[in-house]
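> 3D, please:
(one chain, ligands or ions: 1)
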Amino acid sequence: MPGKQPNLFAFSDTSGLAAALRNYIVTSQHAGLQRHEVFKVAVSGGSLPQTLAQALLAEPKSEEDVIKFDKWEIFFADERAVPLDHEDSNYALIKKELLDKFPASIGQPIVHPIDVEHLNDTQELADQYEKKLVDSFAKGDSVRLPIFDLLLLGSGPDGHTCSLFPGHPLLRETDAWVAPIEDSPKPPPRRITLTLPVITHAVKIAFVATGEGKKEIMKEIFEEGNGLPCAMVNEAAGDRVSWFTDNAAVEGVQFPRRSFL
Ligand SMILES: O=C(O)[C@H](O)[C@@H](O)[C@H](O)[C@H](O)COP(=O)(O)O
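Predicted coordinates:
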């Protein structure tokens, strides 16, 4: 249905992509601050944090373009059940790529890592993370789902996003906000992840997918769907979803590109 389709943006290089992503994040930040004076974001791991750093660490072009990092609350869209200083930790990755590089003078965000007390029990790890979401989003009220201002996600070469993998029973989860997974086909196997209802309920969802290695799966996601997790997000959230890609990742993909204005 026109207007309800995801936005597909393709750039010739990562600097063009990063500049547009910065613009999009700033617009989303502005909307979040208008709405509730904070900006609630969840981020994934993989190659995303590096692109994010390129986008966010650039000098602001105007007053409007300033990243108000001290107003951000950062959650993890998925996380591996490992200590926070482990090389597989998404927290460690974001810290290294982004948080540590942001000058302290502009203020620090509130960051919500997993509670490493529960690394041996992924169900408890997920439950405790869900409690953090309840504390932040529900504040004593009963809410059906948290509404993130923005999700910043990646797509795996098999069409997974967060730690939701093709054909996995977790794709049918309807109640939990955060779920454990013990058999992730992408190592490490033990993780927690936001569930599909939480992902598709966000105000905005941005995917970043770059490189030739993504070409085949992008074709499948956009042309066939095939119940792939990324396609499920596209279908459920429609034009609240924006894909930031490079030309190599979408070469030959039959889906209308939008120009980023
Ligand atoms: O923890 C993870 O494994 C990630 O959160 C995962 O969902 C990632 O975003 C995709 O696998 C894309 O990764 P790339 O951008 O590295 O391809």
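> Arg80: neighbouring residues, count only.
Using other Cβ atoms under 10 Å, the number of residues around Arg80 comes to 26. Heads up, the C-betas are built off the backbone N, CA and C, glycines and all.
> contacting residues for it?
Arg80 makes contact with 45, 86, 88-90, 188, 190-191, according to Cβ atoms under 8 Å, 6 or more residues apart in numbering.
> bridged to it, which residues?
For Arg80, the beta-bridge partners are Arg191 (DSSP bridges).
> ok, now how distant is it from the ligand?
6 Å (Cβ to the nearest ligand atom, to the nearest Å).
> now Ala202
From Ala202 over to the ligand (counting by Cβ to the nearest ligand atom), the distance is 15 Å.
> and for the closest residue to that residue other than its chain neighbours, the neighbour number?
Computed as Cβ to Cβ, 6 or more residues apart in numbering, the closest residue to Ala202 that is not its neighbour in sequence is Phe148, at 4.2 Å. Phe148: 26 surrounding residues under other Cβ under 10 Å.
> got a list of what the spatially closest residue to Gln54 that is not a sequence neighbour touches?
Leaving out its chain neighbours, the residue that sits closest to Gln54 by Cβ to Cβ, 6+ apart is Ala18, at 4.0 Å. Applying Cβ under 8 Å, 6+ apart, one finds that Ala18 lies in contact with 51, 54-55, 58.
> show me the contacts for the closest residue to the ligand within the stretch 1-150 of the chain.
Nearest to the ligand, among the residues of the stretch 1-150 of the chain, is Gly46, at 2.4 Å (Cβ to the nearest ligand atom). Residues counted as contacts of Gly46 (Cβ under 8 Å, 6+ apart) are 154, 156.
> circling back to that earlier point, save the contacts of Arg80 as a markdown table, and put in neighbour count, pLDDT and secondary structure too.
Supplementary listing: those in a markdown table, determined by neighbours: other Cβ atoms under 10 Å; pLDDT from 0 to 100; DSSP: H, G, I helix; E, B strand; the rest coil:
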| residue | neighbour count | pLDDT | secondary structure |
| --- | --- | --- | --- |
| Gly45 | 24 | 96 | coil |
| His86 | 15 | 98 | coil |
| Asp88 | 16 | 98 | coil |
| Ser89 | 23 | 98 | coil |
| Asn90 | 25 | 98 | helix |
| Pro188 | 12 | 98 | coil |
| Arg190 | 20 | 98 | coil |
| Arg191 | 27 | 98 | strand |
